[in-house]
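Novice: Please work out how this folds:
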Amino acid sequence: MPQHSDPHLPRLDVPTQLVHCDELTHLPEEALWLANFVSPRTRRTYQTAVRGFIAFHNLDSSEQLRAIGQSHLVAWREHLIRSGASPRTVRNRLAAVSSLFQHLCERQITPRNPAAGVKRPRVRHDRVDATALTPEQVRHLLQTPSPQTLKGVRDRAILHVLFYAGCRISEVTHLKIKDFFEDAGYWVLDFVIKGGQRNRVAIHQELQLALRAYLALSGHGDERESPLFLTVQRSERRKPLTSRQINKLFHRYAFEAALPTGVTPHSARATFITEALDRKCPIEAVQASVGHRHIATTKMYDKRKLHYRESASFSVRY
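Specialist: Take a look at the predicted model:
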């Protein structure tokens, strides 16, 4: 592919403010496809995937993008696999590119969807791969951040939200001060979950205490519209934490706590669901707390069904 820059290359950016409807008619089809997604998270995920595909093949124009064939998708799939991407990640990225070409087909801009016939890695649909932690490991992790600094107290509160609410990182970043309040005698967190819907969850006393300790030290507890979790640098205007920053701090504390390799922020969700079910919490209540649309999704996180303690390996004697 040519290496020169072409102003016609689709940037896949969507204007942050589309004031007039006629502005949409002037967007490139690739940007219009992206703008059609309601969820900002989905939009970012699909944008990242297609940009990665464009960069891998050094595509310089919309014409080149629209002329690619199945072999380009296969080569990118193999590159992702060699790079260590999980089967689920590879499937999701191929789905993003396929979605774009399906849109172009429907608009009669391309004759076919080159991703339609590309085989995708198999994934387990009966379980989530995220590692679940033991209660002892979780306790050790929660106590790792320093209780003597604002950053440490903030990070303790973040870890408590993840493990006591079983939420996603993106849901933590969207929390505001006003989303932590008392309702019908219970302290709750009001999360924004997938699809922009609200999910109000009554929370454990330990999580309440961790949040109050942080807000008492941070000094912004009276700012109802402020993001709940802010950066701690000394400046007039602290910024809300991003998903990347929370992911980074989680991995740092997991390393300091000597947790097993492969533990991720999603492990908090798997641990929350497994522990709640192990404590005889009804699965319908767990489903409601984590905001799953289908109970089958909640069951995928239940690590109890692995029955490690019943492994036949423990019975063997040589």
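
Novice: What is the burial count for Thr48?
Specialist: 13 (other C-beta atoms under 10 Å). In short, each C-beta sits where N, CA and C put it, glycine included.

Novice: Revised request: answer the last question for Arg293.
Specialist: Neighbour tally, Arg293, other C-beta under 10 Å: 12.

Novice: tell me the SS of it?
Specialist: With DSSP: H, G, I helix; E, B strand; the rest coil as the basis, Arg293 sits in coil.

Novice: how close does Pro111 sit to Gly69?
Specialist: From Pro111 across to Gly69, the span is 11 Å (C-beta to C-beta, to the nearest Å).

Novice: Gln102 now?
Specialist: Taking C-beta to C-beta, one finds Gln102 at 16 Å from Gly69.

Novice: Compare neighbour counts for those two and give me the winner.
Specialist: Counted by other C-beta under 10 Å, Gln102 and Gly69 do not tie: Gln102 has more neighbours, with 15 against 9.

Novice: before we move on, which element is that one in?
Specialist: helix 87-106 (DSSP states H and E).

Novice: Check Phe191 too.
Specialist: strand 186-192.

Novice: Likewise for Lys151?
Specialist: Assigned by DSSP H and E, Lys151 falls within helix 150-165.

Novice: re earlier: for the helix holding Gln102, list every residue counted as buried.
Specialist: 89-94, 96-101, 103-104 (16 or more other C-beta atoms under 10 Å).

Novice: what's the answer for stretch 195-211, then?
Specialist: Neighbour-count burial for stretch 195-211, counted by 16+ other C-beta under 10 Å, picks out 199, 201, 203, 207-208, 210-211.

Novice: from memory Ser226 sits against Phe180, does it?
Specialist: No - when contacts are counted by C-beta atoms under 8 Å, Ser226 is not listed as touching Phe180 (11.4 Å).

Novice: For the protein, give me the ranges with low pLDDT.
Specialist: Where the chain drops to pLDDT under 70, the residues are 1-27, 124-128, 234-236, 301, 303-310, 312.

Novice: close enough to count as contact, Phe103 and Pro28?
Specialist: No Phe there; residue 103 is His. No - if you go by C-beta under 8 Å, His103 and Pro28 don't touch, sitting 11.5 Å apart.

Novice: Please say which of Ser226 and Phe180 ends up with more neighbours.
Specialist: Neighbours were counted for Ser226 and for Phe180 using other C-beta under 10 Å; Phe180 has more, 20 against 16.

Novice: distance between the helix holding Lys151 and the chain's centre?
Specialist: In terms of C-alpha atoms, centre = their mean, to the nearest Å, the centre of helix 150-165 is found 17 Å from the chain centre.

Novice: list the contacts for the residue lying closest to Leu104 once chain neighbours are set aside?
Specialist: Once flanking residues are discounted, Leu104 sits nearest to Thr110: 4.4 Å by C-beta to C-beta, 6 or more residues apart in numbering. Going by C-beta atoms under 8 Å, 6 or more residues apart in numbering, Thr110 touches 66, 101, 104.

Novice: and which of the residues you listed is nearest to Ala75?
Specialist: Minimum distance to Ala75 across these is 15.8 Å, recorded for Phe101 (C-beta to C-beta).

Novice: is it true that the closest one touches Gly117?
Specialist: No - judged on C-beta under 8 Å, Phe101 makes no contact with Gly117 at a distance of 11.6 Å.

Novice: Confirm Leu133 sits in a strand?
Specialist: No - the assignment for Leu133, made by three-state DSSP, is coil rather than a strand.

Novice: can you pull out the helices in the stretch 151-300 of the chain?
Specialist: For the stretch 151-300 of the chain, applying DSSP state H, counting those that start in this stretch gives helices covering 169-173, 205-218, 243-256, 265-278, 283-290, 295-300.

Novice: can you redo the ones you listed as JSON lines with distance to Gln47?
Specialist: As requested, the helices of the stretch 151-300 of the chain are arranged in JSON lines below (distance: least, C-beta to C-beta, whole Å):
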{"stretch": "helix 169-173", "distance to Gln47": "15"}
{"stretch": "helix 205-218", "distance to Gln47": "32"}
{"stretch": "helix 243-256", "distance to Gln47": "14"}
{"stretch": "helix 265-278", "distance to Gln47": "21"}
{"stretch": "helix 283-290", "distance to Gln47": "26"}
{"stretch": "helix 295-300", "distance to Gln47": "25"}
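
Novice: Out of those, flag the one nearest Val192.
Specialist: Nearest of the helices of the stretch 151-300 of the chain (C-beta to C-beta): helix 169-173, 6.5 Å.

Novice: Packing partners of the closest one?
Specialist: Counting contacts by 3 or more C-beta pairs under 8 Å, 6 or more residues apart in numbering; DSSP states H and E, helix 169-173 is packed against helix 150-165, helix 243-256.

Novice: Can you tell me which of those helices is most buried?
Specialist: helix 150-165 (a mean of 23; mean count of other C-beta atoms under 10 Å).
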